[in-house]
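Engineer: kindly return the folded structure for what I paste below:
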Amino acid sequence: MSAVNARQPQLSLSESLADLAVEALIDEADLSPKPGLVDRRGSGAHTDLHLGLMHASALSLWPMFKEMVEAAQAHGEVSQSLREALGRIGRDGEGEMLRITGGVNTHRGAIWALGLLTAAVALDTQAGKPAAVALRAARIAMLNDRAAPINGDSHGAQVCRLYGVRGAREEAQLGFPTVIQQALPQLQRSREAAAGEQNARLDALLAIMASLADTCVLYRAGLAGLSSMQGGARAVLKAGGCASLDGRRRLRELDYDMLRLRASPGGAADLLAASLFLDRLQPALPAQIGSV
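Structural biologist: Model prediction:
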């Protein structure tokens, strides 16, 4: 049998969604040039991360995403028991991630965002449009995980208290408004303007950075750093985005500022991965409806 005619094995819904989640994380990591972030050029503002580590971390999360989807299928509805099952699975997945990375936090925020979204898809594959999926994810996020360890001293918690901003938890509870209202519309606009896929994804990242109170940037560089990130991202988009010469110059300036401040917009990167997952979900779902 020729390779052309060979049939691909049918994946289950849990396998397919885990694939999509991991692919979104790898595509986010590979996207270049990202201001202050790990990409194909180097480690950005980080000293403990590199692209190979980001890939290894993403791949280590595949069993976790698969198990989250299976938990959602087993529960069949948003419930306290599902929320706590997802929390347990997520903590186990984070533990494996930290084992693979030698204790470096590569994807903790992405575990939260993509874990909720993959579970939300599995609860109703017929309603797979991004806004509908994000709304179901929000309903899960609104429930408290009674088994979760109390960690009020995490970097994100400290920043939220200090600056009065919403963190990853609140973003999810609101239905991922930065993804639904900013990133995905910008992605589509840039595609329609023939910017090219990589430039369109960079523009989507900048749309997130332009409005997000990124707790990673706030922790490292305070309000001045956040203002630099948001203003710089807006300047790139106003100049025509990453497909334009002026926009590219502005992008270099923003990258320089992020490196100078040692500020890496990790929260924006997590939401870009969530955006890429939701963007490719609609074409992928029809073949999976009815899969086990």
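
Engineer: now do the helices in this protein.
Structural biologist: Listed from the start of the chain, the chain has helices (DSSP state H) covering 13-30, 51-60, 62-75, 80-101, 108-123, 130-141, 155-163, 168-173, 177, 184-192, 197-211, 215-238, 245-261, 266-284.

Engineer: okay, residue 247 and residue 266: tell me how far apart.
Structural biologist: In this view, residue 247 and residue 266 are 23 Å apart by C-beta to C-beta, to the nearest Å. (C-beta placed from N, C-alpha, C; glycine too.)

Engineer: and for residue 116?
Structural biologist: Applying C-beta to C-beta, one obtains 18 Å for the distance of residue 116 from residue 266.

Engineer: check residue 176 too.
Structural biologist: Residue 176 sits 16 Å away from residue 266, taking C-beta to C-beta as the criterion.

Engineer: same deal with residue 41?
Structural biologist: Following C-beta to C-beta, the distance that separates residue 41 from residue 266 is 17 Å.

Engineer: pretty sure residue 70 contacts residue 14?
Structural biologist: Yes. Applying C-beta atoms under 8 Å, one finds residue 70 in contact with residue 14, separated by 4.9 Å.

Engineer: overlap in contacts, those two.
Structural biologist: With contacts taken as C-beta atoms under 8 Å, 6 or more residues apart in numbering, residue 70 and residue 14 have residue 122 as neighbours in common.

Engineer: quick one: work out the angle between the worst-scoring helix or strand of the chain on mean pLDDT and helix 108-123.
Structural biologist: The helix or strand of the chain with the poorest confidence is helix 155-163; it has a mean of 78 (mean pLDDT, DSSP states H and E). In this structure, helix 155-163 runs at an angle of 100 degrees to helix 108-123, with axes from the mean of the first three to the mean of the last three C-alpha atoms, to 10 degrees as the basis.

Engineer: only alpha carbons, please: show helix 155-163 as PDB.
Structural biologist: What follows is helix 155-163 as a C-alpha-only set of coordinates in PDB (Å, rounded to 0.1, in the frame of the first residue of the first chain):
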ATOM      1  CA  HIS A 155       3.500  35.600  41.800                       C
ATOM      2  CA  GLY A 156       0.200  36.100  40.200                       C
ATOM      3  CA  ALA A 157      -1.700  36.400  43.500                       C
ATOM      4  CA  GLN A 158       0.800  38.900  44.700                       C
ATOM      5  CA  VAL A 159       0.400  41.100  41.600                       C
ATOM      6  CA  CYS A 160      -3.400  40.900  41.600                       C
ATOM      7  CA  ARG A 161      -3.500  42.100  45.200                       C
ATOM      8  CA  LEU A 162      -0.900  44.800  44.700                       C
ATOM      9  CA  TYR A 163      -2.300  46.300  41.500                       C
END
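
Engineer: residues making contact with that helix?
Structural biologist: Where contact means C-beta under 8 Å, 6+ apart, the residues beyond helix 155-163 that reach it are 151, 165-168, 213, 215-216, 218-219, 223.

Engineer: could you check the pLDDT of the residue nearest to residue 176 when sequence neighbours are not counted?
Structural biologist: Computed as C-beta to C-beta, 6 or more residues apart in numbering, the closest residue to residue 176 that is not its neighbour in sequence is residue 134, at 4.5 Å. Each residue has a pLDDT score; the one for residue 134 is 98.

Engineer: try the one 4 residues further on
Structural biologist: You'll see residue 138 listed with a pLDDT of 98.

Engineer: same deal with residue 185?
Structural biologist: In this model, residue 185 is scored at 98, pLDDT.

Engineer: cool, the one 3 residues further on as well?
Structural biologist: The predicted structure scores residue 188 at 98 on the pLDDT scale.

Engineer: now the one 4 residues further on
Structural biologist: Per-residue pLDDT puts residue 192 at 98.

Engineer: tally of neighbours for it?
Structural biologist: Residues lying near residue 192 (other C-beta atoms under 10 Å) number 9.

Engineer: got it, and the one 5 residues further on?
Structural biologist: Number of residues near residue 197 (other C-beta under 10 Å) recorded here: 12.
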